[in-house]
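# Build me a model from this:
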Amino acid sequence: MDWKSLVVVSSVLVFSFLETIFPFFNLKSSFNQRIYPNLLLGIINVSTNSLTITFILHQIWQQKFWLGFLYWVKSPWLAVTISFLIIDLYMYMWHRLMHSLLLTWQFHQVHHTEISMNTSTAYRFHTVEVILSNIPKLFLIWLLGIKPSYLLFYEITLAIELIFHHSNLALPWKLDKLLSYIIVTPNIHRLHHSQSFPDTQSNYASILTIWDKLFHSYSYPKYPEKIRLGLIEYNNHLNIINLIFLPLIKH
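Coordinates of the predicted model:
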């Protein structure tokens, strides 16, 4: 098992345990209803990535196709910091784009159909969205010369953070608020998953909340316990077949 897989499995187990012991919302859906479609989507997406994105990355790194300046940066710490910030900024811009265009929203809405947000929601994405999101990222890696170790560091951090801020974990309000000045917290992301459309147009960041602050999309909920999660229109479409094919049919 590679490092990223180990981190993902460990994070899912840890935060699943914590959200069970210290739940923020009293989720009405059963464990199987919450986990089953997300688990299948996660398996499909990981398999798709392994057959496409991982193969392309291997070719880029093996043949040293990159042209970017990061390849020539002598300080590893400087290079990994720049790589981290650039990829995280890209993730912010991509997420904002998914909400801005009808075509991309058709697929991203699958993520927002979750009415019982929990750790497994971190992997509830339409496969088309996953593939599309990786195309510009591959270009950035090639253009900037982002090395495998730099990308791995970001991906491992992202894996932990996604599971953390999608979890149903009840953090003390002051701690959640304090952490939100730096990273995305459960309360921050709960607002983004609200049934209220204006609320979903905020908090696009994946890891660092500085991007939301710089681009004026940061918002901390005054009463997070009153947030109602999930798109009402699709609340009854929770099985795996509907999640995959509804966006294609609607489009």
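# what helix or strand does the most far-flung residue of the chain relative to its centre sit in?
Within the chain, the residue lying farthest from the chain centre (Cα atoms, centre = their mean) is K74, at 30.8 Å. Under DSSP states H and E, no helix or strand contains K74.
# what separates it from F22, distance-wise?
45 Å (Cβ to Cβ, to the nearest Å). Bear in mind the C-beta positions are built from the backbone N, C-alpha and C, glycine included.
# What mean pLDDT does stretch 224-243 get?
On average, the pLDDT along stretch 224-243 is 69.
# name the helices or strands packed onto the longest helix seen in the chain?
As assigned by DSSP state H, the longest helix anywhere in the chain is helix 76-100. When contacts are defined as 3 or more Cβ pairs under 8 Å, 6 or more residues apart in numbering; DSSP states H and E, helix 76-100 sits against helix 102-108, helix 127-144, helix 148-166, helix 210-214.
# nearest to Q62, of those helices?
Across the helices and strands packed on helix 76-100, Q62 has its closest neighbour in helix 148-166 (10.1 Å, Cβ to Cβ).
# for that closest one, packing partners?
Here helix 148-166 touches helix 3-21, helix 53-63, helix 76-100, helix 186-192, going by 3+ Cβ pairs under 8 Å, 6+ apart.
# cutoff 7 Å now
Packed against helix 148-166, as judged by 3 or more Cβ pairs under 7 Å, 6 or more residues apart in numbering; DSSP states H and E, are the following elements: helix 3-21, helix 76-100, helix 186-192.
# Name the stretch among these that sits most buried.
helix 186-192 (a mean of 23; mean count of other Cβ atoms under 10 Å).
# sorry, back to before: and K147, which of the helices and strands packed on helix 148-166 is closest to it?
When those are compared by Cβ to Cβ, helix 76-100 sits nearest K147, at 7.3 Å.
# contacting residues around the closest one?
With contacts defined as Cβ atoms under 7 Å, 6 or more residues apart in numbering, helix 76-100 is touched by 70, 73, 104-105, 108, 129, 133, 136-137, 140, 144, 146, 150, 153-154, 200-201, 204-208, 211.
# quick one, which of the helices and strands packed on helix 148-166 is nearest to P224?
helix 186-192 (4.4 Å).
# Run through the neighbouring helices and strands of the closest one.
Packed against helix 186-192 by the contact rule (3+ Cβ pairs under 7 Å, 6+ apart) you find helix 148-166, helix 197-200.
# Can I get the longest one in PDB, CA atoms only?
In PDB, the C-alpha atoms belonging to helix 148-166 read as follows (Å, rounded to 0.1, in the frame of the first residue of the first chain):
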ATOM      1  CA  PRO A 148       6.300  13.800  -7.800                       C
ATOM      2  CA  SER A 149       7.300  14.400  -4.200                       C
ATOM      3  CA  TYR A 150       5.800  18.000  -4.300                       C
ATOM      4  CA  LEU A 151       2.600  16.700  -5.700                       C
ATOM      5  CA  LEU A 152       2.400  13.800  -3.300                       C
ATOM      6  CA  PHE A 153       2.800  16.200  -0.400                       C
ATOM      7  CA  TYR A 154      -0.100  18.300  -1.600                       C
ATOM      8  CA  GLU A 155      -2.300  15.200  -2.400                       C
ATOM      9  CA  ILE A 156      -1.700  13.700   1.000                       C
ATOM     10  CA  THR A 157      -2.600  17.000   2.800                       C
ATOM     11  CA  LEU A 158      -5.700  17.400   0.500                       C
ATOM     12  CA  ALA A 159      -6.800  13.800   1.300                       C
ATOM     13  CA  ILE A 160      -6.800  14.500   5.100                       C
ATOM     14  CA  GLU A 161      -8.400  17.900   4.700                       C
ATOM     15  CA  LEU A 162     -11.200  16.700   2.400                       C
ATOM     16  CA  ILE A 163     -12.200  14.000   4.900                       C
ATOM     17  CA  PHE A 164     -11.900  16.400   7.800                       C
ATOM     18  CA  HIS A 165     -14.000  19.200   6.500                       C
ATOM     19  CA  HIS A 166     -16.700  16.900   5.000                       C
END
